[in-house]
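# quick one: sequence and predicted model below, then my questions.
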Protein chains: 2
Amino acid sequence: MRGPVSRRSGREAEATRDHIVMEVVPRKTTIREVAQAAAVGVGTISRVLNSSSQVSRETRERVLETIRRLGFRPNAQARRILKRRAEMVCFLLSNRDFLHPFHARILQGVESYASGLKQHVLFAALHYSPRTPPDRIDLPPVLQEHGLIDGLILAGTIYPNLLRKIESIHMPFVAFSNNVVGMSDEQQFDQVGFDDFNGMLRATRYLIGKGHRQIVFAGGDISYPWLRRRFEGYRQGMRENKLKAVLIAARSPQSFVDFGQKSIGRILSRQPRPTAAVAGNDEIAYGLWRSLRRHAIKVPDDISLVGFDDREEAVLMDPPLSTVRVHKEEIGEACMKMLLERLHHPRMTFSHRILPTEFVIRGTVRRL
Amino acid sequence: MRGPVSRRSGREAEATRDHIVMEVVPRKTTIREVAQAAAVGVGTISRVLNSSSQVSRETRERVLETIRRLGFRPNAQARRILKRRAEMVCFLLSNRDFLHPFHARILQGVESYASGLKQHVLFAALHYSPRTPPDRIDLPPVLQEHGLIDGLILAGTIYPNLLRKIESIHMPFVAFSNNVVGMSDEQQFDQVGFDDFNGMLRATRYLIGKGHRQIVFAGGDISYPWLRRRFEGYRQGMRENKLKAVLIAARSPQSFVDFGQKSIGRILSRQPRPTAAVAGNDEIAYGLWRSLRRHAIKVPDDISLVGFDDREEAVLMDPPLSTVRVHKEEIGEACMKMLLERLHHPRMTFSHRILPTEFVIRGTVRRL
DNA sequence: TTAGGGTGTGGAACCAGTTCCAAGCTTCTT
DNA sequence: AAGAAGCTTGGAACTGGTTCCACACCCTAA
């Protein structure tokens, strides 16, 4: 038909003779076969598939019918070469032992928004130390090839060296900003996060509105920027009501739950005794609650409690925890949206979107 | 150089003139440019990249040096056309409101095993009704294109119609079998699961070993095959000790936690009063525990409790729940492994791998 | 009647790798 | 010394959609 004898058929015959037959793919229909079957040119098929330029109604219908009849599904790879778009992004989770529900829901937000736009989402994980120099960071396989993905959504704990590495391979990215650590302010990149400061401010105001005056902040390790911001929100709330801010900080590195459990003594021994505790996050709140239960101190009758994040723990506690809800799916959606904008406008100035949080009233705050 | 005047450069010049300049990709190096720079043929570059056939040591080094110098990264898409392998699989989660920790950890197992073999993992979600006929199931975009992924790992609740649909597009797959529902036994496909029956049998024996004789099974809706299997494990344990099996089943559809909370009355009112309850899963166990707490009935002093799954709830409970641990990452790993085998041996007979579970002793069982 | 504009269509050239044949150069065998 | 065999290597042909130029055709206006 075209050129010399087809090489493919020669190879196939040989394979059959030797009984090696791999038959990876059962010889898929190509656009040229469809063109021949529908008695049109290949260009027309392509035009129908991309529903782009004008094709006469009858031709279009004939082509579609042929496509259906032959069960033709275009090869994704071939299309991408010329499109210069993979229509695929990677959700990269860094430095997490496992995919916690918090990030799982962000991923889910990314996926649901992406799939509506026929974009695909790859999941990859990465472990590196904050002190690994950029050129020694071992990126996952997805980022070693070129053209596999169009961009990156970074989640997990993000240190400057990782950003530098990503920038060095010229891969567009958006970072979930709340867990970005140690970044100088002039460092510019696209980011989406939620509002630590105002979330905690709102929670603090709520407690004050309920008549609480002696409120402590159980913050754990305040060197984490997000806990710092939450603390500042709490402090702002106290200051505007002329109340004294009290920070219970971690003395040694430990898990949040452990910190909560162990710091309850330091809270209860204060004079005057606090009527409420604001926890830096739900895990700390859970630790506090558990310890209080063991001391037979009732929440909220003896002490009120609020958390931050609205994790699973919050509803599992008894009474369920009043906390600051973070809309995790929405964060994922916003990340994906911003990444697509970046891809369409590579020279656009960097943006930093901060999503609002919501205070959820459940059962751990008592009116004084 | 070759052919008529390059079309690309013409288009670029025009774009610049009109100030539209998209510059999606900053003009990547191609294999031909590398070949020219290294003064070898394109075939040689390809051979070096695939470290396949023999290339002389000095040529290989010269090529590698040139690749480094030009910062060349081969285009993933082009390679895939001829390789006829996407080196990518899709983790498809069906009929879940969100990516629960349980499945998140399976996904993580898939990813960590895959990335070690330079395979990529796409995440996609799907919602469909058990009664949607196969041809009406709206598969996610990944599965509508052809050649994007090599195979599929199915998780979430899987009904026969979905399998039929997947089979109809000739996509190799492995299913996480514990949540497969309504499948006739002759239906053959690759699957990986864990051992509901023996897990519960082990747990029941453990309770009996601790001296318990009046043990009820809080099973919820036993029409789920996996709960049925767990119940059978419990029954077997009771039977082999000549004890009477008691099933507390759900009377109406409700969440597992709700069922646990509401069925505590039915358990405690039995005569003689049970000394232990076996829950169909950790959520039910959590519901039971919460209700017991409110009735001021102590676990394990007044009643012992065991669960199944080892979810987050288990360690959050106080005392932490003794339960049957499922190795979620291992399931993911086994799924990925089986899928790769299937891809390499398309005609291999179907396999069904059942992974063992492990009983974890924590604090909810008392010795009588 | 003819020029001009718009629409519809075929197909060669293209993308960026891979594959394989042929040919050049050694080295080994007889 | 001639031929065989082995190792390298270049490059044409290939993969399978996409793009764009050229051309056919139809309709309208002068």
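Received it, and whenever you're ready, just let me know what you need.

# tell me, what residue is most central in chain A?
Compute the mean C-alpha point of chain A, and by C-alpha atoms, centre = their mean the closest residue is A:Ile106, 3.8 Å away.

# report the contact partners of it.
A:91, A:155, A:176, A:328-329, A:331-332, A:335 (C-beta atoms under 8 Å, 6 or more residues apart in numbering or on different chains). Bear in mind the C-beta positions are built from the backbone N, C-alpha and C, glycine included.

# helix, strand or coil: sort out it for me.
A:Ile106 falls in the helix class when you classify it by DSSP: H, G, I helix; E, B strand; the rest coil.

# same check on A:Arg213?
For A:Arg213, the secondary structure call by three-state DSSP comes out as coil.

# I'd guessed it sits against A:Thr275; true?
Yes. A:Arg213 is in contact with A:Thr275 according to C-beta atoms under 8 Å; the separation is 7.1 Å.

# higher neighbour count, these two?
More crowded of A:Arg213 and A:Thr275, by other C-beta atoms under 10 Å in any protein chain shown: A:Thr275, with 19 against 16.

# output stretch A:141-154 as PDB, restricted to C-alpha atoms.
Extracted C-alpha coordinates of stretch A:141-154, given in PDB (Å, rounded to 0.1, in the frame of the first residue of the first chain):
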ATOM      1  CA  PRO A 141      10.500   9.000  38.400                       C
ATOM      2  CA  VAL A 142       7.600  11.200  37.100                       C
ATOM      3  CA  LEU A 143       9.800  14.200  37.300                       C
ATOM      4  CA  GLN A 144      12.800  12.600  35.700                       C
ATOM      5  CA  GLU A 145      11.100  12.100  32.300                       C
ATOM      6  CA  HIS A 146      10.100  15.100  30.300                       C
ATOM      7  CA  GLY A 147       6.600  15.800  29.000                       C
ATOM      8  CA  LEU A 148       4.900  13.200  31.200                       C
ATOM      9  CA  ILE A 149       3.300  15.900  33.300                       C
ATOM     10  CA  ASP A 150       2.500  19.600  32.700                       C
ATOM     11  CA  GLY A 151       2.800  20.700  36.300                       C
ATOM     12  CA  LEU A 152       3.100  19.900  40.000                       C
ATOM     13  CA  ILE A 153       1.000  20.400  43.100                       C
ATOM     14  CA  LEU A 154       3.200  20.300  46.200                       C
END
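
# can you tell if it touches DNA strand D?
No. Residues of stretch A:141-154 are not located near DNA strand D by C-beta under 7 Å from any atom of the strand, the shortest gap being 12.7 Å.

# that stretch near chain B anywhere?
Yes. Interface with chain B: stretch A:141-154 contributes A:141-142, A:144-148 (C-beta under 8 Å from any C-beta of the partner chain).

# check those and tell me the two furthest apart.
The two members of the residues of stretch A:141-154 next to chain B with the most space between them (C-beta to C-beta) are A:Pro141 and A:Gly147, at 13.4 Å.

# who has more neighbours, those two?
Just comparing A:Pro141 and A:Gly147: by other C-beta under 10 Å the higher neighbour count belongs to A:Gly147, 22 against 16.

# ok, now which ones touch the more buried one?
When contacts are taken as C-beta under 8 Å, 6+ apart, A:Gly147 is in contact with A:80, A:84, A:86, B:28, B:75-78.

# those: which ones sit near DNA strand C?
With C-beta under 7 Å from any atom of the strand as the criterion, the members of those in contact with DNA strand C are B:28, B:75, B:78.

# dump the residue contacts of A:Val121.
Neighbouring residues of A:Val121 by C-beta under 8 Å, 6+ apart: A:88-91, A:107, A:110-111, A:114-115, B:122-124.

# list the contacts of stretch A:279-293.
For stretch A:279-293, the external contacting residues (C-beta under 8 Å, 6+ apart) are A:217-220, A:227, A:230-231, A:255-264, A:267, A:277, A:298-299, A:302-303, A:305-311, A:313-314, A:317, A:321, A:323, A:364, B:316, B:318.
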